[in-house]
Structure formats: C-alpha cells, structure tokens
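A.B. asks: With the sequence up front, the predicted model follows.
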Amino acid sequence: MGGYNRYNLIGQKFNKLLVIEDVGTGADRQSLWKCKCDCGNEVIVRGYQLVKNRTKSCGCLRSFKYANNREKTGENNNNWKGDDVKPRAYHTWLRKHYPKPELCQHCNNKPPIDLASINGHNYTRDINDYMWLCRSCHKEMDNANKI
C-alpha cells in the first residue's frame, strides 16, 4: 500500500545521457539511475531530473560551455555591440579601466562622485575624454556647457 508506479528508463536517452541501470532510491525516495554520458563518463541521476530535462550530461556540457565563453570576448562575443552602447555601459567600462582618484580632478577639494565626459555628451571609449568630478563641479561644468 502507498506505493507508486515507477517508469523503467533503462535504454532511454536523455540528451547526452543513456540510462544503463536502475540504482534504486535515494534518501529522499527519488528514483536513481546510472547513466553513461556520450563523453564516456558514468553518473547517477535522479529520474525526475532526466524526465524534466534538468540534467543533460555528466557535467561535460557545462565545462565545454564555459571554456567556449572564456574565449568569446570583445568582437568574438555574440553580445558585442562595438561602440553602439548606452552611457551606462560606458560608465561600467570606465570604472573598470579608470580608477577613481582620492579628490575631484577639477577642484581637488572633495572626493569625486561622477564620471563626466569632457568632450560634451559624446560617449567615446577614450579614457582621456573623461574626468572624475565632485557633484558641484559636475553641475558647474554642465551649466557652463563645458561638458
């Protein structure tokens, strides 16, 4: 009484995993299956993870995916937009490549808060076109149309 029907998954293939053996149930009463991956590794997987497509390989797909993503930087990355990006993306890039100084680069009194473009509001990927300014200097230069 209280039992449930279990599907026989032996011989079925789920992505890169071929089910080769019924291992029983785990402590959580989930069915466990031994699978052989296309890469040759064997792994034990819960049945629902196979059926619901949550486990696709022994882990070799993840390793392959990350190895390929590491190589895809700059123009090789599918998400690359070149210089056609929004100001927020420029500021993120600048913060990585242009460290914040201790004091404002205009008045040298207050700590800087904002990155400001010194060639108007044309966003370029040239670090020399930006300054770290305190809020008052940034507003002052904006009002004077220098930025």
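C.D. replies: Good, I have the coordinates.
A.B. asks: quick one: the residue lying closest to residue 25 once chain neighbours are set aside from residue 139, how far?
C.D. replies: The spatially closest residue to residue 25, leaving aside those adjacent along the chain, is residue 31, at 5.7 Å (Cβ to Cβ, 6 or more residues apart in numbering). Every residue, glycine included, has its C-beta placed from N, CA and C. Separation of residue 31 from residue 139 (Cβ to Cβ, to the nearest Å) stands at 66 Å.
A.B. asks: Comparing these two, which residue is more hemmed in?
C.D. replies: Residue environment comparison for residue 31 versus residue 139 gives the larger neighbour count to residue 31, 19 against 13, counting by other Cβ atoms under 10 Å.
A.B. asks: Now for the more buried one: which residues touch it?
C.D. replies: When contacts are counted by Cβ atoms under 8 Å, 6 or more residues apart in numbering, residue 31 touches 6, 22, 24, 25, 46, 47, 48.
A.B. asks: Buried among these? Need that as a selection in PyMOL.
C.D. replies: Per 16 or more other Cβ atoms under 10 Å, the buried members of the contacts of residue 31 correspond to this PyMOL selection:
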select buried, resi 46+47
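A.B. asks: I'd like to know which of the contacts of residue 31 are part of strands.
C.D. replies: 22, 24, 25, 46 (DSSP state E).
A.B. asks: if I look at the first one, how far off is residue 7?
C.D. replies: Spelled out, that is residue 22. To residue 7, residue 22 is 10 Å away according to Cβ to Cβ.
A.B. asks: And for the last one?
C.D. replies: Noted for residue 46: a distance of 13 Å to residue 7, by Cβ to Cβ.
A.B. asks: all helices for the protein, in order.
C.D. replies: Across the chain, reading from the start of the chain, the helices by DSSP state H fall at 47-51, 60-71, 87-97, 135-143.
A.B. asks: So what's the model's average confidence on the longest one?
C.D. replies: Here helix 60-71 scores 65 as its mean pLDDT.
A.B. asks: Below-threshold pLDDT in the protein: ranges please.
C.D. replies: Within the chain, the ranges that satisfy pLDDT under 70 run 1-5, 63-85, 87, 120-124, 145-147.
A.B. asks: Which residue ranges make up each domain of it?
C.D. replies: Structural domains assigned to the chain are 13-61, 87-143, following automatic domain parsing.
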